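>>> Build me a model from this:
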Amino acid sequence: MICPHCEKSLLRKERPGNVCSKCGRRYALDPKTNPLKLNDLRVRRIALGLTQDGQVPCTPGQLWYALSRKSLRDSGAEMGCAVALTVVGVIVGFVGLGSESGAIATLGGLLLLGAIGDVVAHVAGVGRGRPKLAREAFRTGPLAEWKSVYGALPDGVIEDGRYPTPMTPGPASTLTNSGRAPAPLTPAPSPDGIVLVCPDRSIAVFLDAAGLTARYGVTLVAEASALPAAPGRGPVLVLHDADAQGLLLAQRVRTAHPARQVVDLGLPLGAVQGLARAVPVRGEVPQARVLELLGESGELSPAQLKWLGKGWGFPLVGVPPAKLLAVVTRAVERAGTADDPVRRRAASVGFLTWPEEGR
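Predicted structure coming up:
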C-alpha cells in the first residue's frame, strides 16, 4: 500500500502496527486488516467527492455506502478459492490414480466438487448485496480507528450519533472538521410549518447540517408518531429508502394523520433500479403483510414485488449528498409556495425567479 503521509510504497512487513517504516508515522487503515480493504488515501478521496470539495456536508452513513459500493456488487463466493480448489483437486486426483489408495482419489474428487460449487455460487450471486461491514460496525471500527489517529473524522464528514432536534437560535457558523453540525440560524419551527419525516438518522443529520431546517423552518421527525398531535396546516414530506418498509411509509403517515397533506418524496424504486451507480443492498426478508400492502397499491410490477420480497432495496444514504439536498430543497420550496398564498401569488408572476431565455 501507499503511505498516506510520505506516499512511499510499503510491503506488509514494512508497516507493522499501522506504522510506516519509512517515515515513522502512524496511519489509520490497512487494506489487509479490514473487511472493506480500506486505506487512508481512498477514504479521503471518496469523502472529498461526496462533499464536493467541502461544499456540502457528509455523514458516516453516506460515507459507509460509498466505500461499500464495490463490495456490495461482489458475490460472497470468491473465484480465487475455486481456482485453488481446482488446482489442488487435480493434483490430488492424479496422485490418487497413480496409487492404490482410493481415499486419495476420492479426496481429489471432493475438492473438484467444492470448486464447482464455488463457481456456481459466484455465478448465482450468492452473498451479493450483503454488506461486508455493517453501518454500525463501520462507525465503531474504521471510523473509530481514524479518529484515534487523526483526532477527528475525515474532512467534511460530520457526526450523526443522534437524530437532530429543534434548537434555539445560535450564531452563524460554517462546516468545520470538528465533526459538529452548525447551529441553526432561526428559532425552532412551528408545528404548523413543513414537517419532513425521515427515518434515516444519517440523512436527517445531513439535511440539518446543510441548512435545510434553518433556511425553511422545517421540522425533522423520524416517524409518523412524532408528528405534532394537532392536525396543523403545513404539509408533511416523507423521505425513505426504496425497500419494502420504506415504500409503505407515506401510506402509513397518511393513515396516521388523515387531516394533513402528505407528499411522498421517495426514494422511488423505479427511479433508481437499473442505474449503474445505484447498487442495491440486501437485508431482512419483509413480512408477507407488507408485500400484500405493496401489491394492493398497484404502483409496483410483479417483478419489483418479487425483488423486494427477497429483501433487496436501495438506501437513501446511497444518493449523492449534493443531489439529495437539491431534490429535497426543491420539494420544500414547492411545498412552502403551495402553503403560503402570498408566496403562491409571487411565484405566479415570477417574483424572485431567475429569468429564462424567451420569457
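
>>> only C-alpha atoms for contact and neighbour calcs from this point on.
Will do.

>>> just for the stretch 151-300 of the chain, where's the confidence low?
For the stretch 151-300 of the chain, the stretches flagged by pLDDT under 70 are 166-192, 228-233.

>>> residue boundaries of the strands in it?
For the stretch 151-300 of the chain, strands defined by DSSP state E, counting those that start in this stretch occupy the ranges 195-197, 219-221, 236-239, 262-266, 281-282.

>>> Who does the shortest one pair with, and is each partner parallel or antiparallel?
The strands that strand 281-282 pairs with in its sheet are strand 312-313 (antiparallel) (by DSSP bridges).

>>> measure residue 57 to residue 49 for me?
Counting by Cα to Cα, to the nearest Å, the gap between residue 57 and residue 49 amounts to 11 Å.

>>> quick revisit: closest to residue 318 out of the strands of the stretch 151-300 of the chain?
Among the strands of the stretch 151-300 of the chain, strand 281-282 comes nearest to residue 318, with 9.8 Å by Cα to Cα.

>>> Can you tell me what sits against the closest one?
The set of residues external to strand 281-282 that reach it, using Cα atoms under 8 Å, 6 or more residues apart in numbering, is 72, 128-131, 310-315.

>>> which stretches of the stretch 1-150 of the chain form helices?
Across the stretch 1-150 of the chain, reading from the start of the chain, the helices by DSSP state H, counting those that start in this stretch fall at 40-50, 60-73, 79-97, 102-124, 135-140, 142-150.

>>> just to revisit the earlier point, need the strands of the stretch 151-300 of the chain in TSV with mean neighbour count and distance to residue 21, can you?
Below are those laid out as TSV (neighbours: other Cα atoms under 10 Å; distance: least, Cα to Cα, whole Å):
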stretch	mean neighbour count	distance to residue 21
strand 195-197	25	50
strand 219-221	25	49
strand 236-239	26	48
strand 262-266	19	50
strand 281-282	20	39
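
>>> Take the ones you listed and lay them out in CSV including distance to residue 31.
Converted to CSV, the strands of the stretch 151-300 of the chain look like this (distance: least, Cα to Cα, whole Å):
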stretch, distance to residue 31
strand 195-197, 38
strand 219-221, 38
strand 236-239, 35
strand 262-266, 35
strand 281-282, 22
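
>>> looking at those strands, which is closest to residue 37?
Of all the strands of the stretch 151-300 of the chain, the one in closest proximity to residue 37, counting by Cα to Cα, is strand 281-282 (18.7 Å).

>>> residues contacting residue 38?
Counting by Cα under 8 Å, 6+ apart, residue 38 makes contact with 29-31, 67.

>>> Could you do residue 134 as well?
Applying Cα under 8 Å, 6+ apart, we find residue 134 in contact with no residue.

>>> 10 Å instead?
For residue 134, the contact set (Cα atoms under 10 Å, 6 or more residues apart in numbering) comprises 64-65, 68, 140-141.

>>> Then residue 195?
For residue 195, the residues meeting the contact criterion (Cα under 10 Å, 6+ apart) are 189, 213, 217-221, 227-228, 234-238, 262, 332.

>>> For the stretch 151-300 of the chain, which segments are assigned as helices?
201-209, 212-216, 244-247, 249-256, 269-272, 288-297.

>>> tell me the angle of the fourth one relative to strand 262-266?
Translated: helix 249-256. Helix 249-256 runs at 170 degrees relative to strand 262-266, counting by axes from the mean of the first three to the mean of the last three Cα atoms, to 10 degrees.

>>> Thank you kindly, that will do.
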